[in-house]
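Engineer: Next one to model:
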Amino acid sequence: MSKNIFQIRVGEKEVGKRLDLFLTQKFTYLSRSKIQKIIEQKLLTVNGKNPQPAYLVKEKDEIKFFIPQEEPKRFDPESIPLKIIYEDQDILVVDKPAGMVVHPACGRKHGTLLNAVLGYLGDFQLARAGIVHRLDKETSGLIVIAKNEQTQSFLQLQFKMRSTVKKYLSLVWGRMGSQKGIVDAPIGRSRMNRKKMTVTEKGKAAQTYYKVVKVLQTSEDQFVSLLEVTPKTGRTHQIRVHLKALGHPVVGDKTYGRNQSLDRKLGRQFLHAYYLKFRLPDEGEKEISIQLSRDLERFFQTLTVK
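Structural biologist: Residues are numbered from 1 along each chain as shown. Below you'll find the model as predicted:
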């Protein structure tokens with residue numbers, strides 16, 4: 001059976017559930033909206049017939065559905081230097097510099113990490129050039145790229161199921177109230193500024209762990225803290241929003257920060273993805289870590305450890 005065709009039979013304990021909800025519970029890597037789209041496109045049958053999303057499943061219902069292969073969009077390969085941290089036949093891991101956008105979007109079709117990956121790998125047909133996660137434009141650090149379809153699907157599922165481990169180093173304003181902790185607060189789009197995210201009860205669940213590495217003092221006698229930050233979810237701007245909600249925004253953050261002289265001196269947010277742990281189809285667990293980027297390291301050396 002093709003890997004894009006799925007089949008399942010309804011059990012006795014599952015009778016009476018809405019079809020779309022039943023399937024999102026069984027196939028947790030598929031969103032409810034994705035399931036509904038599959039149903040609307042008549043790519044799903046129950047006992048050989050096309051149902052509605054609100055159909056209530058019955059015992060022994062035979063459900064079959066097809067997920068069409070995503071056609072890769074065409075983007076231009078570009079000769080942009082990449083800082084390669086690791087490479088084998090399945091993956092490419094790079095250290096993305098601050099200032100580089102990961103994917104092309106409206107108004108920016110060139111100069112992205114995707115363009116650089118296409119330029120490096122040559123004739124490459126995977127969707128999104130094999131890139132399975134992203135970093136904000138002004139965040140530097142590790143990004144893993146799949147080099148074949150099997151690895152891409154395997155990694156995408158891990159990021160969807162949150163079984164990967166991602167760790168960041170971040171410099172924030174002030175002294176933390178405790179040496180380690182967790183921010184458990186939902187994040188959604190700001191009603192005042194649609195380009196910004198905020199903590200809101202109507203947002204999506206989000207959890208971020210943090211641990212204090214060092215407390216430092218600036219030349220202006222202000223305290224800053226170097227944190228190791230581990231997000232358990234992957235909401236837009238999650239780390240930056242959660243740290244701002246704690247009252248300790250990321251130094252240099254032009255969107256959520258304080259815009260003080262130290263922020264302007266750095267010129268970009270002090271947020272660096274330094275550690276990744278994930279699994280590969282045939283090789284088991286892979287751990288990769290890197291040092292701070294040169295600009296952050298130089299900036300860090302201007303501070304005094306307390």
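Engineer: shaky segments in the stretch 101-250 of the chain?
Structural biologist: Residues of the stretch 101-250 of the chain meeting the criterion pLDDT under 70: 123.
Engineer: show me where it has helices.
Structural biologist: In the stretch 101-250 of the chain, the helices defined using DSSP state H, counting those that start in this stretch lie at 113-121, 149-161, 238-245.
Engineer: Which strands or helices does the shortest one pack on?
Structural biologist: Here helix 238-245 is seen to pack against strand 165-173, strand 180-184, strand 187-189, strand 197-199, strand 207-217, strand 223-231 when contacts are counted using 3 or more Cβ pairs under 8 Å, 6 or more residues apart in numbering; DSSP states H and E. Using the backbone N, CA and C atoms, a C-beta is placed for each residue, glycine as well.
Engineer: and among these, the most buried is which?
Structural biologist: Among those, strand 165-173 has the highest mean neighbour count (mean count of other Cβ atoms under 10 Å), at a mean of 23.
Engineer: what does that strand rub up against?
Structural biologist: With contacts defined as Cβ atoms under 8 Å, 6 or more residues apart in numbering, strand 165-173 is touched by 139, 141, 213, 216, 222-231, 239, 243, 248-252, 257-258, 270-278, 292, 296, 300.
Engineer: do the same with stretch 201-208
Structural biologist: Contacts of stretch 201-208 (Cβ under 8 Å, 6+ apart): 182-189, 197, 229-233, 235, 238-239, 242-243.
Engineer: So which bits of it are buried?
Structural biologist: Along stretch 201-208, these residues count as buried under the neighbour rule (16 or more other Cβ atoms under 10 Å): 203, 206-208.
Engineer: cool, and stretch 299-306?
Structural biologist: 299-300, 303.
Engineer: Looking at these, which is nearest T164?
Structural biologist: F300 (26.5 Å; Cβ to Cβ).
Engineer: For I290, see how far away the closest one is.
Structural biologist: For F300, the distance to I290 equals 15 Å [Cβ to Cβ, to the nearest Å].
Engineer: repeat for N193
Structural biologist: Taken as Cβ to Cβ, the span from N193 to I290 is 33 Å.
Engineer: more neighbours, these two?
Structural biologist: Neighbours per residue (other Cβ atoms under 10 Å) separate N193 from I290, with I290 holding more: 19 against 10.
Engineer: which residues touch the more buried one?
Structural biologist: Each residue near I290 by Cβ under 8 Å, 6+ apart is listed here: 85, 95, 141-142, 274-275.
Engineer: just these now: which is nearest K13?
Structural biologist: For those, the nearest to K13 is Y275 (41.0 Å; Cβ to Cβ).
Engineer: Can you read off the pLDDT for Q69?
Structural biologist: At Q69, the pLDDT value in this model is 68.
Engineer: coming back round to it: could you export the contacts of I290 as TSV, including neighbour count and distance to E59?
Structural biologist: Output for those, formatted as TSV (neighbours: other Cβ atoms under 10 Å; distance: Cβ to Cβ, whole Å):
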residue	neighbour count	distance to E59
I85	17	52
D95	19	53
G141	25	50
L142	23	47
Y274	19	51
Y275	18	47
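Engineer: Nearest to L43, out of those: which one, please.
Structural biologist: The closest of the contacts of I290 to L43 turns out to be L142 (Cβ to Cβ; 35.9 Å).
Engineer: so the closest one makes contact with I85?
Structural biologist: Yes - counting by Cβ atoms under 8 Å, L142 does reach I85; the two are 6.7 Å apart.
Engineer: list the residues that contact both of these two?
Structural biologist: Shared contacts of L142 and I85, defined by Cβ under 8 Å, 6+ apart, are found at 93-95, 288, 290.
Engineer: Which ones among these lie within helices?
Structural biologist: Residues of the shared contacts of L142 and I85 located in helices (DSSP state H): none.
Engineer: Switch those over to TSV, and while doing so, append pLDDT and distance to G177 to every line.
Structural biologist: As requested, the shared contacts of L142 and I85 are exported to TSV (pLDDT from 0 to 100; distance: Cβ to Cβ, whole Å):
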residue	pLDDT	distance to G177
V93	98	35
V94	98	36
D95	98	32
I288	98	32
I290	98	29
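Engineer: Among these, which are located in strands?
Structural biologist: Using DSSP state E, the members of those that fall in strands are 93-95, 288.
Engineer: Most neighbours among those, which one?
Structural biologist: Those, ranked by neighbours (other Cβ under 10 Å): first place V94, 22 neighbours.
Engineer: so what's it closest to, chain neighbours aside?
Structural biologist: Distances taken as Cβ to Cβ, 6 or more residues apart in numbering place L82 nearest to V94, at 5.1 Å, with adjacent residues excluded.
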